[in-house]
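Student: Sequence plus the predicted model coming up.
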Amino acid sequence: MLRSSLLTLTRIGSNRLMSTAAKLTTVEVNDKTGIATLTMCRPPVNGLNLELLKDLSQSIDEIESNKSRGLILTSSNPTIFSAGLDILEMYKPDKERIRAFWTSLQDVWLALYGSSVPTAAAINGHSPAGGCLLATSCEYRVMLPKFTIGLNETQLGIVAPKWFMSSFLSVLPRRIAERALNQGRMFTTEEALQVGLIDEVANTKEEAIEKCSAFIGSFAKVNPLARALTKQQFRAADLQQLENERVQDLEKFLFFVNQPAVQKGLGLYLESLKKKAKN
Ligand SMILES: CCCCC/C=C\C/C=C\C=C\CC(=O)SCCNC(=O)CCNC(=O)[C@H](O)C(C)(C)COP(=O)(O)OP(=O)(O)OC[C@H]1O[C@@H](n2cnc3c(N)ncnc32)[C@H](O)[C@@H]1OP(=O)(O)O
């Protein structure tokens, strides 16, 4: 398979490390537990661009087909889980590339939210917008203190699509989810724990991974097929909705993102991020 030819396989202690040629993600399988840790490593902020999304898709497929016992998603950056979608993909976009970009984001969501293996996110840094989408697509979340997480799209003048809302709603009560989305609210770790957006707090990345592993280990005595089919039944309606509306969803996104007012807003937001970075 093409994917195999892109992979290098290294052994670190009892762990197998698979990394893509471009190294935007690595997959490390713990030989003792059989759990795969999928790490995003795209400096400076794990912005989800086309290449990172394609890598994520390939890595998730790899983990599914290797029959790993579970998947833990994390980041190699010590303060940022993911800054969400790379705004440069949406600002003054290239026509073909932006189509591939959104389609890849749909692929990642379908693969992660619909994954047959147990999934958990070790959120070791800030996790706005698309970062929060990835985290809420997993079944369990452990976050480090003093970071933020949330769907802040309305703060940027953009609208979170229905399937972003589905992930959010699979974690939060409807009333809290609706208000947070309308406000574009970012939750601190402590607030996220209080509302149930995350499940646990850990003091270090290692501890977060241990807690994620313990969650995945809690299924050890459950029949894997029964567990996977039960999870998929819970998520089937959300997944089917995007499968049915993929093309319309892409066209809606393209129409929306190409509006002059949206482009202006994205330009100003990028400028403000760059100014902040200089100060
Ligand atoms: C009904 C119809 C519906 C149809 C659907 C329509 C539209 C939906 C469309 C889009 C949905 C989008 C979801 C998203 O994910 S949008 C992205 C949202 N992300 C953010 O708002 C995060 C912004 N970033 C930050 O808050 C901080 O950078 C962060 C807290 C992550 C890190 O802070 P830190 O201080 O460590 O680092 P910075 O100095 O701020 O940044 C370093 C460097 O990185 C650049 N950068 C940061 N975030 C992004 C990004 N998301 N995209 C691109 N670039 C980013 C930043 O500009 C700095 O660059 P430089 O100055 O060093 O060049």
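Tutor: In hand now; what should we look at?
Student: For the stretch 151-279 of the chain, which residues are neighbours of the ligand?
Tutor: Applying CB under 6 Å from any ligand atom, one finds that the stretch 151-279 of the chain approaches the ligand through 152-153, 156, 158-159, 161, 252-253, 256-257, 273-274, 276-277. C-betas here are computed from N, CA, C, even on glycine.
Student: Give the buried subset of these as a ChimeraX selection command.
Tutor: The buried subset of those, as determined by 16 or more other CB atoms under 10 Å, is captured in ChimeraX by this line:
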select :152,153,156,158,161,253,257
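Student: Could you check the pLDDT of residue 10?
Tutor: pLDDT recorded at residue 10 is 50.
Student: State the helix or strand in which the most centrally placed residue in the chain lies.
Tutor: The structure's the chain has its C-alpha centroid closest to residue 134; by CA atoms, centre = their mean the separation is 1.8 Å. Assigned by DSSP states H and E, residue 134 belongs to helix 130-137.
Student: And that helix, what does it pack against?
Tutor: Helices and strands touching helix 130-137, by 3 or more CB pairs under 8 Å, 6 or more residues apart in numbering; DSSP states H and E, are helix 95-113, strand 119-123, strand 148-150, helix 162-169.
Student: Point out where the stretch 51-200 of the chain drops to low pLDDT.
Tutor: Along the stretch 51-200 of the chain, segments meeting pLDDT under 70 are nowhere present.
Student: Tell me which two in the residues of the stretch 151-279 of the chain next to the ligand are the farthest apart.
Tutor: Greatest spatial distance among those (CB to CB): 252 and 277, at 31.3 Å.
Student: How about residue 158, nearest residue that isn't a chain neighbour?
Tutor: Setting aside the residues directly before and after it, residue 158 is nearest to residue 262 in space (CB to CB, 6 or more residues apart in numbering), at 6.5 Å.
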